[in-house]
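Undergrad: Provide a 3D model corresponding to the input given below.
(one chain, ligands or ions: 1)
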Amino acid sequence: MPPTRTIPSEPPVPAEAVAPLMRGITVLRRLTDADGTLSSSDLERATGLARSTVDRVTTTLARMGYVRLDGRDVTLAPGLMELGNAYLASIRLPVLFRERADALADELDESVSLAVPDGDGIRFIHQATRRRAMSLSFRMGDLLPAERTAPGALFAAGWGPAQWAAWRERRAADPDGARFPSLPPRPSPPEDDFTARVAAARTDGRALDDQLIEAGLVALAVPVRAPGGDVVCALSVVSHTSRHTAEGLVDTLLPRLRAAAAAMEDRLRTAPPARPVPATGVLASWTAASKQELGREFIESLARGLTVLAAFGDGGETLTLSAVAQATGLPRASARRALITLEHLGYVAVDGREHRLTPRVLGLGYPPLSRTTLSRIAQPHLAALAGRTKESASLAVLVDDAVQYVARSASHRIMSVNITVGTRFPAYATSLGRVLLADLTPAELDAALARTELRPLAPRTLTHRTELEAVLDRVRTQGYALVDKELEEGLRSIAVPVRDRAGAAVASINVAMHSSSRTIEECEDQILPQLRDTVRKIEAELHTAERFTRVAVA
Ligand code: PHB
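TA: Numbers count the residues shown, from 1 in each chain. Take a look at the predicted model:
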């Protein structure tokens with residue numbers, strides 16, 4: 001007979017819990033553990049839900065912009081990051097500390113991270129990663145077991161008997177670390193090793209990870225404390241044994257790590273208190289739609305419950321039930337049941353009348369989505385645009401004096417130009433380039449045009465600088481560029497800029513066609529509104545994704 005293992009008893013599901021909200025969260029967690037994508041049948045297997053339930057849940061999540069349905073696949077969408085963003089905004093630490101953390105990474109030329117305690121584990125709330133071969137790096141929102149990290153030993157220095165008991169229970173129930181999908185499988189360190197490291201962390205006020213995660217990876221962490229003395233997060237520097245031994249990190253980098261932590265503590269002390277924004281209007285787009293528009297498949301109780309998570313962040317660190325009801329526009333009874341469900345699942349913690357989000361909220365999509373790129377965000381929208389217009393749609397960025405294609409959805413029509421991702425064209429002769437040139441400062445534009453020889457590429461290429469400048473002025477006021485037979489005979493294209501949260505044009509999208517397929521007027525009347533609609537969707541996802549992470553182009 002195999003030895004029986006005591007299974008930790010789960011708290012009973014409260015009678016008021018909203019079952020569809022629980023199912024929706026299960027679906028989001030399985031998708032996150034699978035790195036963002038599962039087929040509907042795999043989702044059915046992973047969640048144990050009936051196929052019809054999986055379909056209704058994913059239809060609802062798709063309507064909210066939290067997943068994308070692509071044939072049989074269900075994929076997490078950047079809109080979901082608004083839940084993790086609400087948590088990150090509510091704790092304020094990333095906003096207050098990230099500049100200092102990034103500066104430290106530059107100064108040390110090593111990766112630097114911020115982590116918070118999450119039960120008996122740690123979760124990353126900021127990563128300033130150096131790109132290096134050899135060691136893996138974790139993503140924002142990744143959960144790691146305390147005993148295999150440097151920050152975990154610091155946090156455990158403050159654990160009471162109940163937390164130690166929970167830690168032992170988890171290790172007994174999950175000896176192989178299946179609950180930590182981002183962790184390479186390795187035997188867990190024995191209990192005595194961890195208790196010794198925790199004791200050392202208590203006396204030294206710092207902790208080491210000497211290759212506990214994987215061979216070669218070393219880390220040193222120090223606590224960052226609130227004015228009252230509580231540890232609010234850990235600041236770590238992460239390196240590789242080819243550059244530093246674990247003890248070497250202490251000798252060489254500890255003073256600078258401590259100085260950065262002290263600066264963060266100062267910032268926390270002097271930061272003006274969060275000003276709770278009078279909370280109204282955080283309502284998600286779906287709430288404006290009628291029941292008929294949403295369709296019979298739409299599970300309103302799931303959407304309402306997730307909206308409760310999104311209501312935090314803008315309204316300050318904690319919210320009362322009344323504030324949640326006001327922020328979401330939900331009836332008090334619905335808001336209350338959602339909060340009870342979310343508390344039961346560990347996403348909301350309650351202290352008296354105040355509710356706050358827990359780091360577990362980051363487990364709803366953040367790790368895979370935090371690594372998304374602008375080209376991945378744009379791709380499905382370009383495909384939809386190409387499908388509707390039956391023409392090719394592309395995304396490009398400015399590289400020196402050229403536009404470079406970074407994403408593209410080609411129509412099935414045969415085009416004379418063979419453009420692929422990576423193709424470069426002179427910016428001055430393309431619609432994609434002109435909207436980006438038009439966004440440069442006068443000095444930048446001057447420098448760009450001084451470097452560029454305006455060569456005739458096709459019969460109608462503009463080759464006079466003053467003419468080009470006049471055209472760029474028009475592009476700037478109109479917000480789009482239309483280029484006709486200037487790059488190649490017979491090629492016509494129209495482009496609009498893609499702007500980041502700060503309003504800078506970071507890329508552009510266009511639709512290109514043979515000049516016989518539409519007149520210039522038809523381009524402006526039929527294509528331009530669709531381009532603008534597409535850019536709105538891309539920008540909405542980009543702005544959500546880049547609120548707390550850096551979104552690379554490709
Ligand atoms: C990380 O930021 O990747 C990190 C931090 C502390 C560790 C291990 C990894 O102990």
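Undergrad: so which bits of the protein are right by the ligand?
TA: Taking Cβ under 6 Å from any ligand atom as the measure of proximity, the chain contacts the ligand at 113, 137-138, 149-151, 209, 213, 219, 221, 236, 238. The way it works is simple: take the backbone N, C-alpha and C, and place the C-beta from them, glycine included.
Undergrad: need the pLDDT of G228.
TA: G228 is assigned a predicted lDDT (pLDDT) of 94.
Undergrad: then G490?
TA: The pLDDT attached to G490 in the predicted structure is 90.
Undergrad: okay, now it: neighbour count?
TA: Residues within reach of G490, counting by other Cβ atoms under 10 Å, total 14.
Undergrad: can you report phi and psi for it?
TA: For G490, the backbone dihedrals (degrees, to the nearest 10) come out as phi 90, psi 0.
Undergrad: how about M64?
TA: Recorded main-chain torsions at M64 are phi -80, psi 0, according to degrees, to the nearest 10.
Undergrad: double-check it against G305; I have them as touching.
TA: No: counting by Cβ atoms under 8 Å, G305 is not a contact partner of M64; they are 11.1 Å apart.
Undergrad: how about R92: what's its closest non-neighbour residue?
TA: Computed as Cβ to Cβ, 6 or more residues apart in numbering, the closest residue to R92 that is not its neighbour in sequence is A274, at 6.1 Å.
Undergrad: now render the residues of the chain next to the ligand as CSV, adding secondary structure and neighbour count.
TA: CSV is the format used below for those (DSSP: H, G, I helix; E, B strand; the rest coil; neighbours: other Cβ atoms under 10 Å):
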residue, secondary structure, neighbour count
S113, strand, 28
S137, coil, 15
F138, coil, 22
T149, coil, 26
A150, helix, 29
P151, helix, 30
D209, strand, 24
I213, coil, 22
A219, strand, 24
A221, strand, 30
S236, strand, 28
V238, strand, 27
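Undergrad: L96: which of those residues is nearest?
TA: Of all the residues of the chain next to the ligand, S113 has the smallest distance to L96: 15.5 Å, by Cβ to Cβ.
Undergrad: thought the closest one was touching F124?
TA: Yes: in terms of Cβ under 8 Å, S113 counts as a neighbour of F124; the distance is 5.5 Å.
Undergrad: okay, and the common contacts of these two?
TA: Taking Cβ atoms under 8 Å, 6 or more residues apart in numbering as the contact definition, S113 and F124 share the neighbouring residues F138.
Undergrad: next one: the helix or strand containing E99 to chain centre, how far?
TA: Following DSSP states H and E, the helix or strand that holds E99 is helix 93-108. On the basis of Cα atoms, centre = their mean, to the nearest Å, the separation between the geometric centre of helix 93-108 and that of its chain is 18 Å.
Undergrad: contacting residues for the residue of the stretch 301-450 of the chain found nearest the ligand?
TA: Distance from the ligand to each residue of the stretch 301-450 of the chain (Cβ to the nearest ligand atom) is smallest for P367, at 12.2 Å. Shown in contact with P367 (Cβ under 8 Å, 6+ apart): 32, 139-142, 182.
Undergrad: hmm, try it at 10 Å
TA: With contact set as Cβ atoms under 10 Å, 6 or more residues apart in numbering, P367 has these partners: 32-33, 35-36, 76, 84, 123-124, 138-143, 181-182.
Undergrad: which of those residues fall in helices?
TA: In this view, those that belong to helices under DSSP state H are 32-33, 84.
Undergrad: will you turn those into a markdown table that also has neighbour count and pLDDT?
TA: Rendered in a markdown table, the data for the ones in helices among the contacts of P367 read as follows (neighbours: other Cβ atoms under 10 Å; pLDDT from 0 to 100):
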| residue | neighbour count | pLDDT |
| --- | --- | --- |
| T32 | 21 | 98 |
| D33 | 17 | 95 |
| G84 | 29 | 98 |
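Undergrad: which one of those is nearest the ligand?
TA: Nearest to the ligand among those is G84, at 17.2 Å by Cβ to the nearest ligand atom.
Undergrad: could you find the closest non-adjacent residue to the residue of the stretch 451-554 of the chain found nearest the ligand?
TA: Closest residue of the stretch 451-554 of the chain to the ligand, Cβ to the nearest ligand atom: T549 (14.4 Å). Sequence neighbours aside, S370 is the residue nearest to T549 in space, at 4.8 Å (criterion: Cβ to Cβ, 6+ apart).
Undergrad: contact partners for the one you found?
TA: So, once contact is read as Cβ under 10 Å, 6+ apart, S370 ends up touching 78, 81, 84, 124, 127, 139-142, 362, 545, 548-551.
Undergrad: ramachandran angles for it?
TA: Here is the backbone geometry of S370 (degrees, to the nearest 10): phi -70, psi -10.
Undergrad: now do the strands in the stretch 1-150 of the chain.
TA: Ranges of strands within the stretch 1-150 of the chain are 37-39, 67-70, 73-76, 111-118, 121-128, 143-145, based on DSSP state E, counting those that start in this stretch.
Undergrad: circling back to that earlier point, buried among the contacts of S370? Need that as a selection in ChimeraX.
TA: One line in ChimeraX is enough to select the buried members of these, burial here meaning 16 or more other Cβ atoms under 10 Å:
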select :78,81,84,124,127,139,140,141,142,362,545,548,549,551
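Undergrad: sorry, back to before: just name the closest of the contacts of P367 to Q292, please.
TA: With Cβ to Cβ as the yardstick, the closest approach to Q292 among those comes from L76, at 27.7 Å.
Undergrad: ok, the closest one to A545 distance?
TA: Separation of L76 from A545 (Cβ to Cβ, to the nearest Å): 11 Å.
Undergrad: between the two, what contacts are shared?
TA: Residues touching both L76 and A545 (Cβ under 10 Å, 6+ apart) are 369, 372.
Undergrad: tell me the pLDDT at the residue positioned nearest the centre of the chain?
TA: Nearest to the mean C-alpha position of the chain, by Cα atoms, centre = their mean, lies S370 at 3.4 Å. Confidence at S370, expressed as pLDDT, is 97.
Undergrad: contact partners for the nearest residue to I527 once chain neighbours are set aside?
TA: Nearest residue to I527 in three dimensions, chain neighbours excluded: V511, at 5.1 Å (Cβ to Cβ, 6+ apart). For V511, the residues meeting the contact criterion (Cβ under 10 Å, 6+ apart) are 382, 385-386, 388-394, 411, 431, 492-496, 518, 523, 526-528, 530-531, 534.
Undergrad: now a ChimeraX select for only the buried ones of those residues.
TA: With 16+ other Cβ under 10 Å as the criterion, this ChimeraX line picks the buried residues out of these:
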select :382,385,386,389,391,392,393,394,411,431,492,493,494,495,496,518,523,527,528,531,534
